[in-house]
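**Student:** For reference, the sequence and a predicted model appear below.
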Amino acid sequence: MRIVSSIHPEQPRSGLDDAHPSLEVEWLGRMPYARALEVQDAARARRARGESGDRLLLLEHPPVVTLGRSHHDSNLLLDAEGYAERGIEVFEAARGGDVTYHAPGQLVGYLIVDLDARGERDLHLHVRRIEGALMRALEGFGVPTKRIDGRSGVFVEKDVEKNDGDEIGGADRKLASIGVGVKRWVTWHGFALNVTTDLAGFDVIVPCGLEDVEMTSVAREAGLPVLGLDVRVREAVVEAFVAVFGGAAS
């Protein structure tokens, strides 16, 4: 899938680079992490030179654990041999955040955006927009998403039980992890949204270093049949990111 989507903002945005009035979205299929790094780096360099516009690269990875710049080794629950025995690669990544697990059934999005060209040198705002786009995409699937202050990503409203009239909350459940990098104000890396992912794979790490959070998926939360769900969610994500990063209110 290769989609070039023209931006038609609902409201004008000052500072947007008129020379690149589109978000190009590409579906790259399943790609090894090392190859995806090469593709991202090339795309980031082209954007920095003004040879292309902003791009969203969508793909999925074979099983791999990635380590953000602020990762802690204690969040790796296996040694190198243990990961190798399970067929899981381990890579250090030039992004923020801690430890993340990728696997088939997870939609990964790498967003190559020139923040300077948009007049928006604000990486925190960029992360919030990614969260907003993902939440927008999931609205049609009946999943009650939310943000949590101080934690990046997209979460689900936790179950609340009552005991003698007191509310007892369960663990917050996390649908999407976000970790971005930036070089000369051009972003790379992005998000990982669990759609039909086998959640047992997260048992090999402490996801994002959050011991009090449970990983979940769209399939689990929505209670929808797995068949065709990956494509449906991907299409919704494309539409949402074109809207949010094209000027629509998030």
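**Tutor:** Arrived safely.
**Student:** What does residue 206 show for phi and psi?
**Tutor:** With angles defined as degrees, to the nearest 10, residue 206 sits at phi -100, psi 100.
**Student:** list the contacts for the nearest residue to it once chain neighbours are set aside?
**Tutor:** Sequence neighbours aside, residue 75 is the residue nearest to residue 206 in space, at 3.9 Å (criterion: C-beta to C-beta, 6 or more residues apart in numbering). Placement of C-beta: from N, CA and C, glycine included. When contacts are counted by C-beta atoms under 8 Å, 6 or more residues apart in numbering, residue 75 is found next to 98, 99, 205, 206, 209.
**Student:** give me the beta-bridge partners of the third one?
**Tutor:** Spelled out, it's residue 205. residue 76 (DSSP bridges).
**Student:** May I have the secondary structure class of the residue nearest the centre of the chain?
**Tutor:** Most central in the chain under C-alpha atoms, centre = their mean is residue 191, positioned 1.3 Å from the mean C-alpha point. Here residue 191 is recorded as strand under DSSP: H, G, I helix; E, B strand; the rest coil.
**Student:** That one reaches residue 109, doesn't it?
**Tutor:** Yes: Residue 191 is within contact range of residue 109, at 4.9 Å (criterion: C-beta atoms under 8 Å).
**Student:** helix, strand or coil for residue 101?
**Tutor:** The three-state assignment at residue 101 reads strand, by three-state DSSP.
**Student:** what's across from it in the sheet?
**Tutor:** With DSSP bridges as the rule, residue 101 is bridged to residue 65.
**Student:** Please name the residues that touch it.
**Tutor:** So residue 101 contacts 63, 64, 65, 88, 201, 202, 204, 205, 207 (C-beta under 8 Å, 6+ apart).
**Student:** what's the answer for residue 72, then?
**Tutor:** Neighbours of residue 72 in contact, by C-beta under 8 Å, 6+ apart: 98, 99, 209.
**Student:** all strands of this structure, in order?
**Tutor:** Per DSSP state E, the chain carries strands over the ranges 2-6, 22-30, 54-60, 64-67, 89-92, 99-102, 106-112, 145-148, 151-156, 160-163, 166-169, 172-183, 186-194, 213-215.
**Student:** Mind checking those for the one nearest to residue 124?
**Tutor:** strand 151-156 (9.1 Å; C-beta to C-beta).
**Student:** CA-only coordinates of that closest one in CSV, if you can.
**Tutor:** C-alpha atoms of strand 151-156 as CSV (Å, rounded to 0.1, in the frame of the first residue of the first chain):
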residue,chain,number,x,y,z
ARG,A,151,3.4,8.5,30.8
SER,A,152,3.6,8.5,27.0
GLY,A,153,1.4,6.1,25.1
VAL,A,154,-2.3,5.1,24.8
PHE,A,155,-4.0,3.4,27.6
VAL,A,156,-7.4,1.8,28.3
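**Student:** in that strand, what's buried?
**Tutor:** 152, 153, 154, 155, 156 (16 or more other C-beta atoms under 10 Å).
**Student:** Quick check: the third one touching residue 131?
**Tutor:** Yes: judged on C-beta under 8 Å, residue 154 makes contact with residue 131 at a distance of 5.7 Å.
**Student:** one step back: now, among the contacts of residue 72, which is nearest to residue 105?
**Tutor:** For the contacts of residue 72, the nearest to residue 105 is residue 99 (18.9 Å; C-beta to C-beta).
**Student:** Contact partners for that closest one?
**Tutor:** By C-beta under 8 Å, 6+ apart, the neighbours of residue 99 are 65-68, 71-72, 75-76, 205-209.
**Student:** Just the buried ones out of those, please.
**Tutor:** 65, 66, 67, 68, 71, 75, 76, 205, 206, 207, 208, 209.
**Student:** who does the residue nearest to the centre of the chain bridge with?
**Tutor:** Counting by DSSP bridges, the residues bridging with residue 191 are residue 109, residue 178.
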